[in-house]
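Visitor: no letters, just coordinates:
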């Protein structure tokens, strides 16, 4: 048992070792620099670079660092907490050390003590003072910042685990007025059908809504969106607006708009009076793009282009803006059983409501709606991730803004005034800061430091 | 790459000239150590900041967004934050020298921005968010902290060299001594780390809003993570293994190179940004 206990102890020491932290940080940093960054510089596609950066080696190193960081803090919590508690021993140690700075003052000790204490209080210190001793502490709880910021790493690890268990991402394409049900596989266009079959239904988010409107706007006649948002409603709630960078939480899913297109309403009447109508989600954006579809149970294929704000100049169609203000639909119908180079069955341009006729068929476009490409994401790890960010930033703020400092001023009466010994210690600051504190105390008691020049002002002493 | 003569462009150029003049005068102060020169530097920086603030206001009014789009606007924003930070640094005596570094960086940022297209574009919709503006603001503050830290570390390296060779660098004689330089370098590490952490945090949150993913492993994110890790390494080396002086300064400067690379690739590159959006907007 003692051998097992000894082994366990050694393993724990290794896992929670600071030296291991250093090596892991170095390995990861160099790994990203040497193995990931150059691929992007070489123009390797972003998707492949992501696969490299999130690959098994980096993932293993990352997890090792997370576990190590948490273990490190857990092991050192007692010491960290102890540092924040009051310690009279620290005061004695400071005063007995050889690094106190001497200050002479013309004031008698009690007045010097009051003024020094007041100055330190004004600087935010918690001060206890007597006639002969001033003890000032700052940032007593700064160690909590260390614990918080490292606890954030634990929360981060939890968020990764939770995300791994329940993450789903899909894409849906809806025409204005169409309903969406996230729990049905057929609602999604991505992942594709085969991939969707491999995804358990339990991962599909419970989310139902109707796409009410899509509103795109462009800057002048350039393909530069100035607005792209959609209004959705669902579940009895009032409607909400979603945008590219403003998702809405609907049930278990985060829903945002990722793209849009034109969905012309097609009305096709056949030679025997049969009528087909509906909205077709076509890949006809940007204007001039061609999409095709075939008329069911017929040899005809229709090529379509949509010009959202078009004028006709001679034989040429000129599109003015990308806004759907005065659309023109260009149609080309061909018989797929014939040679492609032959004369088309129909070729022309229609305004909304106009009819194209060919070989007993009529085609018209009564209206055009927009469709939206929607990003549907279910990620139960996000709340944990947000908690990690908040915790981490709060911890860093506490640590940076409230670094622990201890100032001790011992005051002794001398003929004609008093002699002060200023001792100070602070995290990351030692010599230089102590001198700065002594300068401040000297100024507050109308005195001066005994002996040494201040190196920070030494260069300007002659100015 | 042409510069259109818009009023904000002319004012930005003027601000750059004022910053450059301030830097030259500050350098002269290093040599002559005159208090009058010190006051002149502060006045020049303040004047440049005021001129640049007007330039930014004009630009903002016309474009409808703060200067976050394109190399010219990001150069403006970078220089503005650096100038503001420079004025703040000059209030603390021992940090005054670090203001030379931040001021120089501001001049370079303006000059670089002016060599790029200055057309007023509206913001793309994927960048229209207060979170983007917060992320950009935090990023420039972090860059300021990083630059000040780099200057402190550079002084630390100089003092270490002086101690090793026994020679003095004449132009640095008015600057803080070795102990001060080492401790400023150590302290500024913490600020730099906090800044980069805040940049990563705000960026991750906006990435979730825009892409439904908190992290996408694009080049800028990879370099940011690299910088963050090296800064963390430096802080732990300082706290637990007693690294100080030359070693610590060199390690930090390595991280600072990563920071420069990150910002250059992100918003100051003449090419398309490496902060992949993969969106048509």
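Guide: Happy to help now that I have it. Bear in mind the structure is a predicted one, so any value in this text is a computation, not a measurement. Numbers count the residues shown, from 1 in each chain, chains lettered A, B, ... in the order given.

Visitor: the residue of the stretch 51-200 of chain B found nearest chain A: neighbour count?
Guide: Residue nearest to chain A within the stretch 51-200 of chain B: residue B:174 (3.2 Å; C-beta to the nearest C-beta). (Glycine included, C-beta is placed from N, CA and C.) When neighbours are counted by other C-beta atoms under 10 Å in any protein chain shown, residue B:174 registers 19.

Visitor: doesn't it lie inside a helix?
Guide: No: under DSSP: H, G, I helix; E, B strand; the rest coil, residue B:174 sits outside any helix and is assigned coil.

Visitor: mind telling me what element residue A:210 is part of?
Guide: Taking DSSP states H and E as the criterion, residue A:210 maps to strand A:208-218.

Visitor: the residue of the stretch 51-200 of chain B closest to chain A and residue B:28: what is the separation?
Guide: 11 Å (C-beta to C-beta, to the nearest Å).

Visitor: residues in the stretch 51-200 of chain B within reach of chain A, list them.
Guide: Applying C-beta under 8 Å from any C-beta of the partner chain, we find that the stretch 51-200 of chain B lies next to chain A at B:93-94, B:121-122, B:124-129, B:131-132, B:173-177, B:179-180, B:183-184, B:186-187, B:190-191, B:193-194, B:197-198.

Visitor: are any of the residues you listed buried, and which?
Guide: Buried members of these, counted by 16 or more other C-beta atoms under 10 Å in any protein chain shown: B:94, B:122, B:124-129, B:131-132, B:174-177, B:179-180, B:183-184, B:186-187, B:190-191, B:193-194, B:197-198.

Visitor: between residue B:174 and residue B:28, which contacts overlap?
Guide: Applying C-beta atoms under 8 Å, 6 or more residues apart in numbering or on different chains, one finds that no residue jointly contacts residue B:174 and residue B:28.

Visitor: for residue A:188, what are its contacts?
Guide: Taking C-beta under 8 Å, 6+ apart, we find residue A:188 in contact with A:170, A:171, A:172, A:196, A:376.

Visitor: for ChimeraX, what selects the buried ones among the residues you listed?
Guide: In ChimeraX syntax, the buried subset of those is picked out as below (16+ other C-beta under 10 Å):
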select /A:170,172,196,376
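
Visitor: longest helix anywhere in the chain?
Guide: Chain wasn't specified; assuming chain A. helix A:56-84 (DSSP state H).

Visitor: that's the other chain; I wanted chain B
Guide: helix B:130-165.

Visitor: and the very next helix or strand once past that one, average pLDDT?
Guide: Counting by DSSP H and E, the next helix or strand C-terminal to helix B:130-165 is helix B:178-211. Across helix B:178-211, the average pLDDT comes to 90.

Visitor: would you mind listing what in the stretch 201-350 of chain A touches chain B?
Guide: Residues of the stretch 201-350 of chain A lying near chain B (C-beta under 8 Å from any C-beta): A:219, A:223-228, A:243-247, A:254, A:256, A:258-259.

Visitor: let's see that with 10 Å instead.
Guide: Proximity of the stretch 201-350 of chain A to chain B, by C-beta under 10 Å from any C-beta of the partner chain, involves residues A:216-220, A:222-229, A:243-247, A:253-260, A:285-286.

Visitor: before we move on, the earlier item: any bit of the longest helix of chain A sitting next to chain B?
Guide: Yes: part of helix A:56-84 sits near chain B under the criterion C-beta under 10 Å from any C-beta, namely A:58, A:62, A:65, A:69, A:72.

Visitor: phi and psi next, for the spatially most distant residue from the centre of chain A.
Guide: Farthest-out residue of chain A from its mean C-alpha position, per C-alpha atoms, centre = their mean: residue A:415, at 64.7 Å. Phi and psi for residue A:415, reported as degrees, to the nearest 10, are phi -60, psi 120.

Visitor: got a pLDDT number for residue 123?
Guide: Answering for chain A, as no chain was given. If you check residue A:123, the pLDDT there is 88.

Visitor: if you could check chain B rather than the one you did, that'd help
Guide: 79.

Visitor: what's the burial count for the residue of the stretch 51-200 of chain A found nearest chain B?
Guide: Of all residues in the stretch 51-200 of chain A, the one sitting closest to chain B is residue A:53 (4.0 Å; C-beta to the nearest C-beta). By other C-beta under 10 Å, 24 other residues sit near residue A:53.

Visitor: dump the residue contacts of it.
Guide: Applying C-beta atoms under 10 Å, 6 or more residues apart in numbering or on different chains to residue A:53 gives the contacts A:31-32, A:35-37, A:39-40, A:59, B:215-219, B:221-222, B:225.

Visitor: all strands for the stretch 351-463 of chain A, in order.
Guide: Along the stretch 351-463 of chain A, counting by DSSP state E, counting those that start in this stretch, strands occupy A:355-358, A:361-378, A:405-414, A:417-426, A:448-449.

Visitor: want to throw those into a markdown table with distance to chain B and mean pLDDT?
Guide: Listed next are the strands of the stretch 351-463 of chain A as a markdown table, based on distance: least, C-beta to the nearest C-beta, whole Å; pLDDT from 0 to 100:
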| stretch | distance to chain B | mean pLDDT |
| --- | --- | --- |
| strand A:355-358 | 31 | 92 |
| strand A:361-378 | 4 | 93 |
| strand A:405-414 | 12 | 90 |
| strand A:417-426 | 9 | 87 |
| strand A:448-449 | 15 | 82 |
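
Visitor: buried stuff in the longest helix of chain B?
Guide: By 16+ other C-beta under 10 Å, the buried positions in helix B:130-165 come out as B:131-132, B:135-160.

Visitor: kindly report the same for stretch A:170-182.
Guide: A:170, A:172, A:173, A:174, A:175, A:176, A:178, A:180, A:182.

Visitor: ok, which pair from those residues is furthest apart?
Guide: Farthest apart among the buried residues of stretch A:170-182 by C-beta to C-beta are A:170 and A:176. That separation is 20.0 Å.

Visitor: so the residue of the stretch 51-200 of chain B closest to chain A makes contact with residue B:30?
Guide: Yes: using C-beta atoms under 10 Å, residue B:174 makes contact with residue B:30 at a distance of 5.6 Å.

Visitor: output the below-cut-off pLDDT ranges for chain A.
Guide: A:1, A:40-41, A:46, A:80-89, A:97-98, A:220-223, A:234-237, A:428-432, A:451-463 (pLDDT under 70).

Visitor: do the stretch 1-150 of chain B as well
Guide: Ranges of the stretch 1-150 of chain B meeting pLDDT under 70: B:1-4, B:93-94.

Visitor: now with 80, please.
Guide: B:1-4, B:29-36, B:90-98, B:122-124 (pLDDT under 80).

Visitor: can you pull out the helices in it?
Guide: B:7-32, B:35-63, B:70-89, B:98-114, B:130-165 (DSSP state H, counting those that start in this stretch).

Visitor: which one of the residues in the stretch 101-250 of chain A is closest to chain B?
Guide: residue A:225 (3.9 Å).

Visitor: just list whatever residues bridge to that residue.
Guide: Beta-bridge pairing for residue A:225 (DSSP bridges): residue A:218.

Visitor: list the contacts of it.
Guide: Each residue near residue A:225 by C-beta under 10 Å, 6+ apart is listed here: A:216-219, A:244, A:260, A:322, B:122, B:124-126, B:128, B:279-281.
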